[in-house]
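1. Provided below are the primary sequence and the corresponding predicted coordinates.
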Amino acid sequence: MYIVIAGGGKVGYYLVKTLQQYKHKVAVIERQLDLCEKIANLLNVCVVNGDGTNIEHLTECRVNDADIFIAVTGKDEDNLIACQLAKRKFGVKRTIARVNNPKNITVFEKLGVDIAVSSTSIIADLIEQEVDYSGMKTLMKLKDGKITLSEVIIAKTSPVINKCLKEISIPKDCVLISVIRGDSVIIPNGETAILAGDYIITASSIKDQQELKDFFLG
């Protein structure tokens, strides 16, 4: 694929370096001349000394031929404008923007950016996924965070211990996907009993996650 990147700082530099390993053709637009020279010399890619929000500089970088346009400058407003120009003026099908302020993610997406990436949000999500909240851990978020896959560790004090699924009423908008018992993965049915030490994998909405925790853990 042909990928154009606006922003040649640390993020842009390492992004180019990584994409080259996957044999993608990459071009960079960067305002600072010294960064342009560094990228051109060390990474041997096409570099335009210019502004990602300038139509002439985007044209010089052949953005109209790009499969993906990525804006990773240090300014959110520049990243948004660059992605909008790439999509609306040059017809790029896929745009990705770095978002420095996580509060801007929704705005970016509403204004047409296909993927808005916030390093702050990513780190926060990773921390949330790793921290065990008294027996419940978030594994993954889907559909823009509306659906959560969770792992619940069943303790001996659980209110559903030693009960079959047909004997209990799982919260309305929650789905029990699997039961992990030792080395076995059980696809649950009505006869499946919940035992101490089981790992329960569930899917629920964010708002129902607490209800699910109370149901399995008390």
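-> Great, that's in hand.
2. Give the rounded mean pLDDT of stretch 163-183.
-> Averaged across stretch 163-183, pLDDT comes to 85.
3. Residue numbering should commence at 21 henceforth.
-> Okay, using 21 as the starting number, the last item reads as stretch 183-203.
4. and that stretch, which residues are buried?
-> Buried residues in stretch 183-203, counting neighbours by 16 or more other Cβ atoms under 10 Å, are found at Leu185, Ile190, Pro191, Cys194, Leu196, Val199, Arg201. No exception for glycine: its C-beta is placed from N, CA and C like everyone else's.
5. Assign Lys233 to helix, strand or coil.
-> At Lys233, secondary structure determined by DSSP: H, G, I helix; E, B strand; the rest coil is helix.
6. In contact with the nearest residue to it once chain neighbours are set aside, which residues?
-> The shortest distance from Lys233 to any residue other than its chain neighbours is 4.7 Å, reached at Met156 (Cβ to Cβ, 6 or more residues apart in numbering). Counting by Cβ atoms under 8 Å, 6 or more residues apart in numbering, Met156 makes contact with Ser170, Glu171, Val172, Ile173, Gln229, Leu232, Lys233, Phe236, Leu237.
7. how about a cut-off of 7 Å?
-> Contact analysis of Met156 by Cβ atoms under 7 Å, 6 or more residues apart in numbering lists Ser170, Val172, Lys233, Leu237.
8. Which pLDDT does the model give the nearest residue to Arg82 once chain neighbours are set aside?
-> Nearest non-adjacent residue to Arg82, counting by Cβ to Cβ, 6+ apart: Ala47, 6.9 Å away. Looking at Ala47, its pLDDT is 96.
9. Work out for me the element Ala47 sits within.
-> Using DSSP states H and E, the element containing Ala47 is strand 45-50.
10. Past the helix or strand of the chain with the lowest mean pLDDT, which element shows up next along the chain?
-> Of all helical and strand segments in the chain, the minimum by mean pLDDT, DSSP states H and E falls on helix 139-150, at a mean of 60. Going down the chain from helix 139-150, the next helix or strand is strand 156-162, by DSSP H and E.
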